[in-house]
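**Student:** From the sequence below, what's the structure:
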Amino acid sequence: MTEEVAESVAQPTPDPEALRQEWVRTQFQKANRFLAEKGVIPSKVLADESRYLAPYLAIWKMESKQPKKQTFWVMSGDLPSDYVDVKVAATARDAIRHFSMMWQLKAENLHKSGVTKDPTQLKFAQLLVSRAESLYKMNQDEKLWG
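**Tutor:** Here you go, the predicted structure:
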């Protein structure tokens, strides 16, 4: 047996469920940190209404007590973190559609304002469009919501 083969045999295969749980935990921390940076202190997660599509997207329904009692949809994952008041979307699926539309508009506004002449802003606008299109496809995919 060669050394490479012996090493690959000796390495245990990571448990997919353990990897998924670690990803969800990391995204939860990311969402909490994001809200805190915005001055919102989360107090509770409504896990039954939150959804995860590891390793792409987590959408959390979170309540806050400070600065005032509110409920938000908070998105984290392989995309910019963002949040909206729960009043704009009844379900996680609706929230994903809302973020998709909102990001398309933000990207369009960046282009119209002329800031996309800055390479960093251009890259951000392109990221928003790319992720907005992906979110729209996820929203439309019945297999994800069945």
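**Student:** Contact partners for the residue nearest the centre of the chain?
**Tutor:** Nearest residue to the geometric centre of the chain (Cα atoms, centre = their mean): residue 76, 2.5 Å. Residue 76 makes contacts with 27, 28, 30, 31, 34, 57, 58, 60, as judged by Cβ atoms under 8 Å, 6 or more residues apart in numbering. From N, CA and C alone the C-beta is placed, and that goes for glycine too.
**Student:** between those residues, which is closest to residue 14?
**Tutor:** Ranked by distance to residue 14 (Cβ to Cβ), these are led by residue 27 at 17.8 Å.
**Student:** picking that back up, so the residue nearest to the centre of the chain belongs to a strand, correct?
**Tutor:** Yes: read with DSSP: H, G, I helix; E, B strand; the rest coil, residue 76 is one of the residues of a strand.
**Student:** With residue 68 as the reference, measure out to it.
**Tutor:** Remark: distance between residue 76 and residue 68 (Cβ to Cβ, to the nearest Å) = 23 Å.
**Student:** Next: residue 127.
**Tutor:** 31 Å.
**Student:** Same check on residue 20?
**Tutor:** According to Cβ to Cβ, residue 20 and residue 68 sit 34 Å apart.
**Student:** More neighbours: which of those two?
**Tutor:** residue 20 (13 against 7; other Cβ atoms under 10 Å).
**Student:** The more buried one reaches residue 56, doesn't it?
**Tutor:** No: counting by Cβ atoms under 8 Å, residue 20 does not reach residue 56; the two are 11.9 Å apart.
**Student:** and residue 58, what does it touch?
**Tutor:** Contacts of residue 58 (Cβ under 8 Å, 6+ apart): 24, 27, 28, 31, 50, 51, 52, 75, 76, 77.
**Student:** Next: residue 30.
**Tutor:** 76, 81.
**Student:** Just confirm it is within a helix.
**Tutor:** Yes: under three-state DSSP, residue 30 falls within a helix.
**Student:** Can you tell me which of the contacts of residue 76 is nearest residue 87?
**Tutor:** When those are compared against residue 87 (criterion: Cβ to Cβ), the nearest one is residue 60, at 16.0 Å.
**Student:** where does that closest one fall, phi/psi-wise?
**Tutor:** phi -110, psi 140 (degrees, to the nearest 10).
**Student:** Understood, closing this out.
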